[in-house]
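# What would the 3D arrangement of this be:
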Amino acid sequence: MVSRELLSAVLGVGLGLVCLAFPGAVVRINTAGRVPGGRHGEYGDDAVPEKWKWVVRVVGILLLAGGGYFAYTVV
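Numbering: from 1, shown residues only. This is a model prediction of the structure:
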């Protein structure tokens, strides 16, 4: 039987890698369905600000660290 600590390690590492590899996609998924603030741009111009990409990358690093910690405590 798989322990909860091992599952949390796998989840943390997996989410951390997704956040580091695709920060723009993570921001777009989290803001899906919201009305955009500026409606005067070109069609299809939905560029994600670099500030939010860096926030997602930092969260990804924290998730990787947390997953690594849980993996270390299981082994």
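
# Contacts only, for V26.
V18, C19, V56 (CB atoms under 8 Å, 6 or more residues apart in numbering). C-beta coordinates here come from the backbone N, C-alpha and C atoms, glycine included.

# Now, of these, which are buried?
C19, V56 (16 or more other CB atoms under 10 Å).

# List the ones among the contacts of V26 that fall in helices.
Of the contacts of V26, the ones assigned to helices by DSSP state H are V18, C19, V56.

# just to revisit the earlier point, L64: which of the contacts of V26 is nearest?
C19 (8.5 Å; CB to CB).

# was I right about that closest one contacting L63?
Yes - contact criterion CB atoms under 8 Å: C19 and L63 qualify, at 6.4 Å.

# mind listing the strands for this structure?
For the chain, strands defined by DSSP state E do not occur.

# so what's the residue nearest to the spatial centre of the chain up against?
Of all residues in the chain, the one closest to the mean position by CA atoms, centre = their mean is C19, 3.2 Å from it. Shown in contact with C19 (CB under 8 Å, 6+ apart): V26, V56, R57, V59, G60, L63.

# Could you list the buried residues of the lowest-mean-pLDDT helix or strand in the chain?
The least trusted helix or strand in the chain, going by mean pLDDT, DSSP states H and E, turns out to be helix 23-30, with a mean of 90. Within helix 23-30, the residues that qualify as buried are P23, V26, V27, counting by 16+ other CB under 10 Å.

# Would you format the residues you listed as TSV with distance to V2 included?
What follows is the buried residues of helix 23-30, written out as TSV (distance: CB to CB, whole Å):
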residue	distance to V2
P23	29
V26	26
V27	31
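
# quick one: which of those residues is nearest to G67?
V26 (16.3 Å).

# Leaving out the residues flanking it, which one is nearest to the residue nearest to the centre of the chain?
Nearest non-adjacent residue to C19, counting by CB to CB, 6 or more residues apart in numbering: G60, 2.9 Å away.

# That'll do, ta.
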